[in-house]
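Trainee: coordinates for the following, if possible.
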Amino acid sequence: MEIVASHSPAATQAIAAAVAELAGPGDLVILCGDLGAGKTAFTQGFGAALGVTDRITSPTFTIHSVYEGRLTLNHLDVYRFDQIEEVADLGLFELLDGDTVTVIEWGDTIIAALPPDYLEISIGFPAPDAPEAGDDARVLTFRFVGSKWSARENGLVTALSVAVEEVAC
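Mentor: Prediction:
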């Protein structure tokens, strides 16, 4: 597990870009966090690093958006799902085939239906009395599940450290 502080949406996007640089075909990234925590801001930075030039917005009502870049980015939002069975309608396992990377907002709500190999990123607000507290401050907690992301853990930790330093300057 790795914990990283972000002081702004731009910092969150830079952190996401560091993750995207290590993303490969078939990867799955799930984003967890309260409303307004920064899941879509993260995905915007992630997509930009993949070379996506289209505007990335939350797919809350469309559920699934597709963006073209170095890898095809599948961006899903499962916030409105009432039952785990609804995941089958997404064709999630088919989305993970080919030169794609999939980011799922509210992915923690469907963990039971996910393949056993993903990067989970929880985005939260720091405690009000924390030194990094502020309206735009966030804390990102990375959990590596399965062999694909676990094998990249050290590289990702290094990339995150560099991204945080660059944004701080």
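Trainee: ok, residue 5 - contacts?
Mentor: Shown in contact with residue 5 (Cβ atoms under 8 Å, 6 or more residues apart in numbering): 126, 132, 137-140, 164. Every C-beta, even on glycine, is put in place using the N, C-alpha and C of the backbone.
Trainee: among those, which one has the lowest pLDDT?
Mentor: Lowest pLDDT among the contacts of residue 5: residue 132, with 65.
Trainee: picking that back up, give me the buried subset of the contacts of residue 5.
Mentor: Taking 16 or more other Cβ atoms under 10 Å as the criterion, what is buried in the contacts of residue 5 is 126, 137-140, 164.
Trainee: out of those residues, which is nearest to residue 108?
Mentor: The closest of the buried ones among the contacts of residue 5 to residue 108 turns out to be residue 140 (Cβ to Cβ; 14.0 Å).
Trainee: test my guess that the closest one contacts residue 4.
Mentor: Yes. Contact status for residue 140 versus residue 4: in contact at 4.8 Å, counting by Cβ atoms under 8 Å.
Trainee: find residues that contact each of these two.
Mentor: Common contact partners of residue 140 and residue 4 (Cβ under 8 Å, 6+ apart): residue 15.
Trainee: which stretches of this protein form helices?
Mentor: Ranges of helices in the chain, per DSSP state H, are 9-22, 39-49, 86-90, 92-95, 147-150, 153-168.
Trainee: which of those helices is buried the deepest?
Mentor: helix 39-49 (a mean of 25; mean count of other Cβ atoms under 10 Å).
Trainee: can you give me the mean pLDDT across it?
Mentor: 96.
Trainee: just checking, what packs against it?
Mentor: Helices and strands touching helix 39-49, by 3 or more Cβ pairs under 8 Å, 6 or more residues apart in numbering; DSSP states H and E, are helix 9-22, strand 27-32, strand 72-77, strand 100-105, strand 118-124.
Trainee: partners of the residue lying closest to residue 111 once chain neighbours are set aside in the sheet?
Mentor: In this structure, residue 111 finds its nearest non-sequential neighbour in residue 30, 7.8 Å apart by Cβ to Cβ, 6 or more residues apart in numbering. Here residue 30 sits in beta bridges with residue 104, residue 120, going by DSSP bridges.
Trainee: quick check: residue 30 touching residue 122?
Mentor: No. Judged on Cβ under 8 Å, residue 30 makes no contact with residue 122 at a distance of 9.3 Å.
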